[in-house]
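Colleague: Take this sequence and fold it.
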Amino acid sequence: QASGGEDEIQQLQKALLDYLDENTETDASLVFSRKFYIAQWFRDTTMETEKAIKSQKDEDSSEGTHHAKDVETTGQIMHRAESRKKFLRSIVKTAPTQFSTLKMNSDTVDYEDACLIVRYLASMRPFAQSFDIYLTQ
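Modeller: Numbering: from 1, shown residues only. Next up, the predicted model:
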């Protein structure tokens, strides 16, 4: 189930980057936006991985009985992180003009769709997910 969610997020990321690439001729600032999103997603992947591994180590030191299971889970965390980073690196290595030929589907993303994708991806970030907690405090 997690891999399906990851694939969906990667498809949305790719669609958003494709939209930004298609519109860089009309708005040069989109080149910066494209690079910013790639860097932010790469950083998020690193931070999420470190946090997940730290929580695994905390569980391991407190329980101590599920060591083999934790190692396997840590391995899965690392594998997932590496696949996400590999995806982002492949986009960085791809020239922006070549990127549009690598679309996952033939549907083009318009401005409204791009806004929805940005909102959805932003809602997946830790701050957005904990916003209700901040409000209640």
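
Colleague: Quick one: residues contacting the residue nearest the centre of the chain.
Modeller: Centroid check for the chain by Cα atoms, centre = their mean gives Trp41 as the closest residue, at 4.6 Å. Residues in contact with Trp41 (Cβ atoms under 8 Å, 6 or more residues apart in numbering) are 13, 84, 88. All C-beta atoms are positioned from the backbone trio N, CA, C, and that covers glycine.

Colleague: of all these, which comes closest to Asp132?
Modeller: Gln13 (25.1 Å; Cβ to Cβ).

Colleague: Tell me the spacing between the closest one and Leu135.
Modeller: 28 Å (Cβ to Cβ, to the nearest Å).

Colleague: quick one, which of these two is more surrounded?
Modeller: Applying other Cβ atoms under 10 Å to Gln13 and Leu135 shows that Gln13 carries more neighbours, namely 19 against 7.

Colleague: Show me the shaky parts of the chain.
Modeller: Low-confidence segments of the chain, defined by pLDDT under 70: 1-6, 60-72, 95-107, 127-129, 131.

Colleague: Regarding it, what is its longest helix?
Modeller: helix 29-63 (DSSP state H).

Colleague: Fine by me, we can end here.
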